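# Using only what follows, build the 3D model:
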Amino acid sequence: MSSAPWAKRDFEGKTVVLLVPGPLEQSPRMVAQCQMFVAAGAEVRVVGHGDAIAFPFAHPKVAVTAIGGAGRARTVRSSRSGRLIGAAGRFCATAWRLGGVLRRAMNGADMVLAAVPPVVPAVAMAVAMARRRGIPVAIDWHNLSASMAALSVGRRHLVVRGLSAVESWIGRRATLQFAVTAAMADHLHARFDREILVLPDRPAHQPTDPPREVSAVAIDDLIRQLGGEGLDPERPPDRRWHLAVSPTSWGLDEDMEMLIDALAELEMQDGNGLAVIITGKGPGRAAFERRVSMLRRPGLRVATGWLAEDDYERMLHLASVGICLHTSSSKLDFPMKIVDMEAAGMPVLAFDYGPVLRQGVAHLARVGLFSDSAGLRRHLRALPTLPGEPPPKILSPESPRAETWPDVWDRVARPALLQHLAQKGN
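All right, here's what the predicted structure looks like:
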């Protein structure tokens with residue numbers, strides 16, 4: 001492994017368009033991609049949804065252009081036809097704005113790197129426009145648009161079949177493609193008959209020491225920062241509080257109801273209290289907050305909200321345990337939040353959605369898996385033992401310590417990107 005990928009400036013003088021189809025503030029992998037390009041000397045033009053100042057990496061070599069409107073589907077209580085009409089309207093409006101933004105961003109660009117999902121309209125338009133201009137296009141597959149849509153309308157729906165067709169069209173025309181897991185790479189290779197490079201998510205740095213016992217005052221401050229009810233005045237002086245954190249996008253592939261069900265019947269061991277902080281933005285948050293407000297009782301606090309990058313990192317390092325409720329629409333992806341938890345050195349409780357998840361956490365020393373609310377509740381009830389001892393259902397490490405993100409980017413992405421940059425205009 002290379003220990004100093006940052007020292008190589010072999011992208012000096014190159015301009016890369018980084019297309020973030022989702023919200024700019026909720027795209028940690030694309031932030032990591034941007035950081036590596038900048039460290040390698042490239043100028044980066046970031047195009048995404050939301051507010052340009054929300055992109056959490058500011059640098060003189062980075063120019064951010066925001067497209068109005070959200071990049072992710074909204075969860076609404078309406079008929080399927082109503083959802084489709086609304087989605088079609090948003091699609092057309094976004095596509096109109098996007099066309100002009102992409103044309104300007106690609107002027108003089110040497111490469112386009114686009115994240116998936118979603119594939120429409122941004123990525124499909126970018127691939128078509130870049131090919132006409134002779135600009136290499138790299139696709140970074142985080143998940144599948146078709147499988148995400150199937151959660152809302154069903155796998156046999158015409159929209160799902162259409163998205164699958166667009167995925168295939170993109171996959172056969174992209175210059176270079178990455179996938180977050182080996183299973184996804186195999187799946188895409190079988191579909192497109194193209195080489196797919198495995199570029200897994202990894203911590204940005206070596207994991208920190210395991211979390212120490214945190215004072216109730218620090219937990220109280222975090223909860224109040226999010227606008228929640230603090231631990232006082234009902235806090236007994238001898239109660240030991242534990243902090244569980246659960247980052248979420250509030251999408252349909254995050255089973256937040258499972259967390260509510262687990263907390264509803266949770267009885268902590270004597271002398272212990274549990275504070276749960278759920279961070280993120282998304283359409284399902286309001287409904288969750290209404291339900292969770294009914295769970296208030298001594299020894300339990302739940303807060304939701306959005307934290308800036310620095311506060312998010314501080315929260316992770318205060319936490320006793322991280323909870324991942326990602327269920328995976330494709331069963332081929334791997335949640336970035338687990339990588340964040342690993343970097344913070346905390347134990348991880350994760351919903352077990354299959355072999356890809358289990359393989360991805362096999363190297364972690366302290367990880368508990370669950371498949372329902374009862375399993376999650378058992379792990380949470382064992383919290384006094386988690387910081388020092390493994391919880392039940394632990395997976396034994398089967399691999400050496402994983403690479404950091406700079407290591408894996410330097411090994412996989414850098415040589416492939418440089419090779420295909422040389423093909424511009426060919």
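# Which residue ranges of the stretch 51-200 of the chain form strands?
Per DSSP state E, counting those that start in this stretch, the stretch 51-200 of the chain carries strands over the ranges 62-67, 111-116, 137-141, 176-179, 197-198.
# name the helices or strands packed onto the fourth one?
Using 3 or more Cβ pairs under 8 Å, 6 or more residues apart in numbering; DSSP states H and E as the contact criterion, the elements in contact with strand 176-179 are strand 137-141, helix 182-192, strand 197-198, helix 414-421. C-betas here are computed from N, CA, C, even on glycine.
# List the buried residues of the longest one.
Okay, so that is helix 182-192. Within helix 182-192, the residues scored as buried using 16 or more other Cβ atoms under 10 Å are Ala183, Met184, Ala185, His187, Leu188, Phe192.
# Between which two of the residues you listed is the distance greatest?
Using Cβ to Cβ, the two most remote members of the buried residues of helix 182-192 are Ala183 and Phe192, lying 15.1 Å apart.
# still on that earlier bit, identify whichever of the strands of the stretch 51-200 of the chain lies nearest to Gly48.
strand 62-67 (6.4 Å).
# Name the residues of the closest one that are buried.
Val62, Val64, Thr65, Ala66, Ile67.
# residues touching the closest residue to the fourth one other than its chain neighbours, list them.
When the adjacent residues along the chain are set aside, Ala66 lies closest to Ala52, with 4.2 Å between them (Cβ to Cβ, 6 or more residues apart in numbering). Taking Cβ atoms under 8 Å, 6 or more residues apart in numbering as the definition of contact, the neighbours of Ala52 are Leu24, Val64, Thr65, Ala66.
# Can you verify my assumption that the third one contacts Ala105?
Same thing as Thr65. Yes: using Cβ atoms under 8 Å, Thr65 is in contact with Ala105, at 6.4 Å.
# so what's the backbone phi/psi at the residue nearest to Gly280 when sequence neighbours are not counted?
Distances taken as Cβ to Cβ, 6+ apart place Thr248 nearest to Gly280, at 4.4 Å, with adjacent residues excluded. The phi/psi pair for Thr248 (degrees, to the nearest 10) reads phi -150, psi 150.
# Correct me if wrong: Thr248 contacts Gly322.
No: between Thr248 and Gly322 there is no contact under Cβ under 8 Å: 11.4 Å.
# list the residues that contact both of the two?
Taking Cβ under 8 Å, 6+ apart as the criterion, Thr248 and Gly322 both touch Lys337.
# Would you quantify the distance from Ala95 to Met125?
Distance from Ala95 to Met125, counting by Cβ to Cβ, to the nearest Å: 7 Å.
# Which one's more surrounded, the two?
Each of Ala95 and Met125 has its neighbours counted (other Cβ atoms under 10 Å); Met125 has more, 19 against 15.
# Specify the local secondary structure of Ala32.
Of the three states, Ala32 takes helix under DSSP: H, G, I helix; E, B strand; the rest coil.
# What count of nearby residues applies to it?
Taking other Cβ under 10 Å as the criterion, the count of residues near Ala32 is 18.
# In contact with it, which residues?
Asp201, Ala204, Trp405, Trp409.
# Can you tell me, leaving aside adjacent residues, what's nearest to the third one?
Pointing back at Trp405 there. Computed as Cβ to Cβ, 6+ apart, the closest residue to Trp405 that is not its neighbour in sequence is Arg202, at 4.4 Å.
# and what of the second one?
The spatially closest residue to Ala204, leaving aside those adjacent along the chain, is Trp405, at 5.1 Å (Cβ to Cβ, 6+ apart).
# For that neighbour, give its distance to Val339.
From Trp405 to Val339 the distance is 8 Å (Cβ to Cβ).
# what residues do these two have in common as contacts?
In contact with both Trp405 and Val339: Asp201, Arg202, Pro203, using Cβ under 8 Å, 6+ apart.
# residue contacts, the second one?
Right, the one you point to is Arg202. With contacts defined as Cβ under 8 Å, 6+ apart, the neighbours of Arg202 are Val339, Ala402, Glu403, Thr404, Trp405, Asp407, Val408.
# TSV please, covering those and showing distance to Thr15, neighbour count and pLDDT.
Below are the contacts of Arg202 laid out as TSV (distance: Cβ to Cβ, whole Å; neighbours: other Cβ atoms under 10 Å; pLDDT from 0 to 100):
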residue	distance to Thr15	neighbour count	pLDDT
Val339	28	22	95
Ala402	31	19	57
Glu403	28	17	82
Thr404	26	19	93
Trp405	22	24	96
Asp407	25	15	95
Val408	24	19	96
